[in-house]
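Asker: predicted structure and sequence below. I'll ask about it afterward.
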Amino acid sequence: MIVIIMGVTGVGKSTVGQLLAQSTGWPLYDADDYHSPANVEKMRAGIPLTDDDRWPWLDRLNALLRAADSKQESAILACSALKQKYRDRLQKGLGNVRWVHLKGDIELIRARLKQRRGHYMNPALLQSQFDALEPPGDAIVIDVSDSPATLARRVLIALGKL
């Protein structure tokens, strides 16, 4: 099973992904670690990425997931995947993909971003992420107002892993 945790910046994709990885023993890939240096600099400067910026990044992530899938191994990916065309690119050629949409109110996420340290994503891009978000119709939707441990537990229950 490939589990892709998606949502806007600051919803807790990486944190929930780490908790899921600890519970399942599956590897976690954090999409933020696979951006090109140019993409990181754009985001740090508060410049939204274009589709042309994203395609090579999404293809790298898809290759990671296909490698796991081809060995019939499970994996977790934490990735914004805000638009359907990005999700289509990520899951191309994969078998059993489960989408988890971490969803929250913009004010809650904005407050979290003000407390976040050591991340290159400029909080000024939050509104552009909400504007770009195309909610998936086929995802497990988890409201992020609870603790990360509670969110991870809800995901595990929805996946049938608890």
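Answerer: Right, received. Where do you want to start? What you see is a predicted model, and the numbers here were worked out from it, not measured in a lab. Numbering: from 1, shown residues only.

Asker: Asp143 touches Gly104, doesn't it?
Answerer: Yes. Here Asp143 reaches Gly104: they are 6.7 Å apart, a contact under Cβ atoms under 8 Å. The way it works is simple: take the backbone N, C-alpha and C, and place the C-beta from them, glycine included.

Asker: ok, those two, which is more surrounded?
Answerer: More neighbours surround Gly104 than the other of Asp143 and Gly104, with 18 against 14 (other Cβ atoms under 10 Å).

Asker: and the more buried one, what pLDDT?
Answerer: pLDDT, Gly104: 95.

Asker: gap between Asp59 and Tyr86?
Answerer: Distance, Asp59 to Tyr86, by Cβ to Cβ, to the nearest Å: 11 Å.

Asker: of those two, which one has the most company?
Answerer: Counted by other Cβ under 10 Å, Asp59 and Tyr86 do not tie: Tyr86 has more neighbours, with 21 against 13.

Asker: coming back round to it: which neighbours do Asp143 and Gly104 share?
Answerer: Counting by Cβ atoms under 8 Å, 6 or more residues apart in numbering, no residue touches both Asp143 and Gly104.

Asker: so what's the gap between the helix or strand that contains Ala67 and the chain middle?
Answerer: For Ala67, the host element (DSSP states H and E) is helix 51-70. Mean-position distance between helix 51-70 and its chain equals 13 Å (Cα atoms, centre = their mean, to the nearest Å).

Asker: not counting whichever helix or strand comes after that helix itself, show me its contacts.
Answerer: As assigned by DSSP H and E, the chain's next helix or strand after helix 51-70 is strand 75-78. Here strand 75-78 makes contact (Cβ under 8 Å, 6+ apart) with 2-5, 13-14, 16-17, 20-21, 24, 26-32, 61, 64-65, 68-69, 90.

Asker: next: stretch 24-40.
Answerer: 3, 13-14, 17-18, 20-21, 43, 49, 53-54, 56-57, 60-61, 64-65, 68, 73-80, 119-121, 156, 161.

Asker: one more time with 7 Å
Answerer: The contact list for stretch 24-40 (Cβ atoms under 7 Å, 6 or more residues apart in numbering) reads 14, 17-18, 21, 49, 53, 56-57, 60-61, 64, 74-80, 120, 161.
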